[in-house]
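In: got a predicted structure plus its sequence, pasted below:
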Amino acid sequence: QQPVQSPQAVILREGEDAVINCSSSKALYSVHWYRQKHGEAPVFLMILLKGGEQKGHEKISASFNEKKQQSSLYLTASQLSYSGTYFCGTVAGNTGKLIFGQGTTLQVKP
Amino acid sequence: NAGVTQTPKFQVLKTGQSMTLQCAQDMNHEYMSWYRQDPGMGLRLIHYSVGAGITDQGEVPNGYNVSRSTTEDFPLRLLSAAPSQTSVYFCASSFRTSGNVEQFFGPGTRLTVL
């Protein structure tokens, strides 16, 4: 079953912050985050493993609450280059079977 | 390393035709998978493989066949194409099957079925 992402779309001005949420009805082994630019392949951002960890990647960070089966991606001081569609992917169990959410479209305007 | 390669980049088929989408990786990755991407639906897993000779179904396997005779290649076959299979197809691979490593995506194949 696909994880659910919210919101579906976000429009920001440069320098503003955004949060993208991802929730699953299944117990999760890991949560992945990817970004896709229009017409391109998805590109890996980060993985979070169960244990409630947080990670950072430049001004993009994420958290994973395994008890709630939720993850959030935080984009701070957004830049034009952050525009794209963000996907969370979840792995339930140690199979590597990665199931993606429907995506969140982020548009950063000057 | 070429990474994950997919051929063709674009393809137009008529309903009922068959074809094979090719996927290859030169990173000696254990895990490979196929996704389709449709507007508003995200990336949906079609089939995946945890090693040569081992494949399993994903979320939307109907109408597609796969095989994995070598570590490098993971072709996706459409036996009788339908308009509902119009989509962008991505192949991905990762070093291990454990789910705690990143997946590398190929550039995609844009398929139109008339």
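Out: Right, received. Where do you want to start? Owing to the predicted nature of the structure, the values given are computational and were not obtained by experimental measurement. Numbering: from 1, shown residues only, chains lettered A, B, ... in the order given.
In: quick one: low-confidence parts of chain A?
Out: A:51-57, A:94 (pLDDT under 70).
In: how about the strands in it?
Out: A:4-6, A:9-13, A:18-23, A:30-36, A:43-49, A:54-57, A:60-65, A:70-75, A:84-91, A:98-100, A:104-109 (DSSP state E).
In: list of residues touching the helix or strand encompassing residue B:49?
Out: Secondary-structure assignment from DSSP states H and E places residue B:49 in strand B:42-51. Residues from elsewhere that reach strand B:42-51 (C-beta atoms under 8 Å, 6 or more residues apart in numbering or on different chains): A:2, A:42, A:87, A:89, A:95-103, B:30-38, B:55-61, B:64, B:66, B:68, B:71, B:74, B:76, B:89-90, B:97. Every residue, glycine included, has its C-beta placed from N, CA and C.
In: buried sites along that strand?
Out: For strand B:42-51, the neighbour count (16 or more other C-beta atoms under 10 Å in any protein chain shown) marks B:42-50 as buried.
In: nearest to residue B:108, of the strands of chain A?
Out: strand A:30-36 (10.1 Å; C-beta to C-beta).
In: and chain B, is that closest one touching that?
Out: Yes. Contact of strand A:30-36 with chain B (C-beta under 8 Å from any C-beta of the partner chain) involves A:30, A:32.
In: outside of that strand, which residues touch it?
Out: With C-beta under 8 Å, 6+ apart, strand A:30-36 has contacts from A:22, A:42-50, A:62, A:64, A:71, A:73, A:82, A:84-91, A:98, A:100, A:103, B:99-100, B:102-103.
In: now do the same for the residue sitting nearest the centre point of chain B: its pLDDT.
Out: Nearest to the mean C-alpha position of chain B, by C-alpha atoms, centre = their mean, lies residue B:34 at 2.9 Å. We note a pLDDT of 98 for residue B:34 in this prediction.
In: now it: which helix or strand?
Out: Going by DSSP H and E, residue B:34 is part of strand B:31-38.
In: that older thread, list only buried entries from the contacts of strand B:42-51.
Out: A:2, A:42, A:87, A:89, A:96-103, B:30-37, B:55, B:58-61, B:64, B:66, B:68, B:71, B:74, B:76, B:89-90, B:97.
In: if we can go back for a sec, next, format the buried residues of strand B:42-51 as a markdown table and append pLDDT.
Out: Rendered in a markdown table, the data for the buried residues of strand B:42-51 read as follows (pLDDT from 0 to 100):
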| residue | pLDDT |
| --- | --- |
| B:42 | 91 |
| B:43 | 96 |
| B:44 | 96 |
| B:45 | 96 |
| B:46 | 97 |
| B:47 | 97 |
| B:48 | 95 |
| B:49 | 95 |
| B:50 | 92 |
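In: up against chain A, what does chain B have?
Out: B:31, B:33, B:35, B:40-45, B:48, B:50, B:56, B:58-59, B:90, B:92, B:94, B:96-108.
In: coming back round to it: partners of the strand holding residue B:49 in the sheet?
Out: strand B:31-38 (antiparallel), strand B:54-57 (antiparallel) (DSSP bridges).
In: buried subset of the contacts of strand A:30-36 as a ChimeraX selection?
Out: Here is the ChimeraX selection string for the buried members of those, based on 16+ other C-beta under 10 Å:
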select /A:22,42,44,45,46,47,48,49,50,62,64,71,73,82,84,85,86,87,88,89,90,91,98,100,103 /B:99,100,103
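In: tell me what the nearest residue to residue B:33 once chain neighbours are set aside is bridged to.
Out: What sits nearest to residue B:33 in space, not counting adjacent residues and going by C-beta to C-beta, 6 or more residues apart in numbering or on different chains, is residue B:48, at 3.9 Å. Residues in a beta bridge with residue B:48, per DSSP bridges, are residue B:33, residue B:56.
In: that concludes my questions; thank you for your assistance.
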